[in-house]
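# starting from these lines, generate the structure:
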Amino acid sequence: MRQFSDTAEENMHKEMIMTKKILVPLAEGFEMIEALSIVDVFRRAGAEVDMAAVGESMLVTSSHGVKVMADRYLGDCMQTTYDLIALPGGIPGAENLKNSEQLTSLLQNQNNENRLYGAICASPAVVLEHHGLLAGKIATCHPGFVDKLSCPDYAGEKVVFDKNCVTGRGAGTSIEFALELLAVLMGEEKKREVAKGMAISG
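Alright, predicted model coming up:
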């Protein structure tokens, strides 16, 4: 993992909230292992995680044909303040996330208020880059989408944390990505605790 900010994590810990609120939007064609790794890791940590359907059905189909029941519709999340918004990748999932005006608004507000957001696989390039949410930030993404990054210099990294944004390379780095998000938001001790429970060494 390559880290490019010395003070962002400290700034994010200034206001300690007992229960962190996490949003994981699910759009048709999402990458299941990426989405559910985030959900699993943060629920193990005691966070409140909303899986929100981006579309007209609460039953969302992954890129490999697995149906997942969301907790709520994205439209019902618009007035909620989230400590983290984390995007899975997948195709056409990332494209569907990109085209959601509601999600774009939530992400822009998240960035403007210096709250944490993240994306993995295709989504850093397809969603964040497209909407200007990587401006002034270093990021990684799936090798197949590197050409869409305005700054691809660190696209070979598994996970990149810069300012208030964490990006991950792909499905194979899903757990590492989720644990890095956890470390940034809830601290290294909580990350170690969850990793130990998952029998992850190191």
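# hey, let's count contacts and neighbours off CA atoms from now on
Noted.
# run through this protein and note the low-pLDDT ranges.
1-18, 202 (pLDDT under 70).
# just give me the residue closest to the centre of it.
Ala86 (2.2 Å; C-alpha atoms, centre = their mean).
# what values do phi and psi take at that residue?
phi -120, psi 130 (degrees, to the nearest 10).
# ranges for the helices of this structure?
8-12, 32-44, 93-98, 101-112, 123, 174-186, 188-197 (DSSP state H).
# before we move on, back to that, in the sheet, who's paired with the closest residue to the residue nearest to the centre of the chain other than its chain neighbours?
In space, and not counting its chain neighbours, Ala86 is closest to Gly118: 4.6 Å by C-alpha to C-alpha, 6 or more residues apart in numbering. In this structure, Gly118 bridges to Ala86, Val166 when assessed by DSSP bridges.
# of the helices of the chain, which stretch is the most buried?
Here the criterion is mean neighbour count by mean count of other C-alpha atoms under 10 Å, and of these the winner is helix 123, at a mean of 32.
# what does that helix rub up against?
87-90, 94, 141 (C-alpha atoms under 8 Å, 6 or more residues apart in numbering).
# before we move on, what about stretch 131-151?
4, 98, 104, 107-108, 111, 120-126, 128-129, 152, 154-163, 165-170.
# can you get me the start-to-end distance on it?
Taking C-alpha to C-alpha, to the nearest Å, stretch 131-151 runs 15 Å from one end to the other.
# and that stretch, how far out from the chain middle?
14 Å (C-alpha atoms, centre = their mean, to the nearest Å).
# which residues touch Gln110?
Contacts of Gln110 (C-alpha under 8 Å, 6+ apart): 82, 85, 116-117.
# filter the contacts of stretch 131-151 to the buried ones?
98, 104, 107-108, 111, 120-126, 128-129, 152, 155-156, 158-163, 165-170 (16 or more other C-alpha atoms under 10 Å).
# identify each buried residue in stretch 81-90, please.
So stretch 81-90, judged by 16+ other C-alpha under 10 Å, has buried residues 82-90.
# now that stretch: how far from the chain's centre is it?
4 Å.
# please save the CA atoms from that stretch in CSV.
Extracted in CSV, the C-alpha atoms of stretch 81-90 (Å, rounded to 0.1, in the frame of the first residue of the first chain):
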residue,chain,number,x,y,z
THR,A,81,-24.3,11.9,6.4
TYR,A,82,-21.8,9.0,5.8
ASP,A,83,-18.3,8.7,7.3
LEU,A,84,-17.4,6.7,4.2
ILE,A,85,-18.8,6.0,0.7
ALA,A,86,-17.1,3.0,-0.9
LEU,A,87,-17.7,2.0,-4.5
PRO,A,88,-17.3,-1.6,-5.8
GLY,A,89,-16.2,-2.0,-9.4
GLY,A,90,-17.5,-4.4,-12.0
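# nearest to Glu34 among the contacts of helix 123?
Pro88 (5.3 Å; C-alpha to C-alpha).
# which residues touch that closest one?
Counting by C-alpha under 8 Å, 6+ apart, Pro88 touches 24-26, 30-32, 34-35, 94, 119-121, 123.
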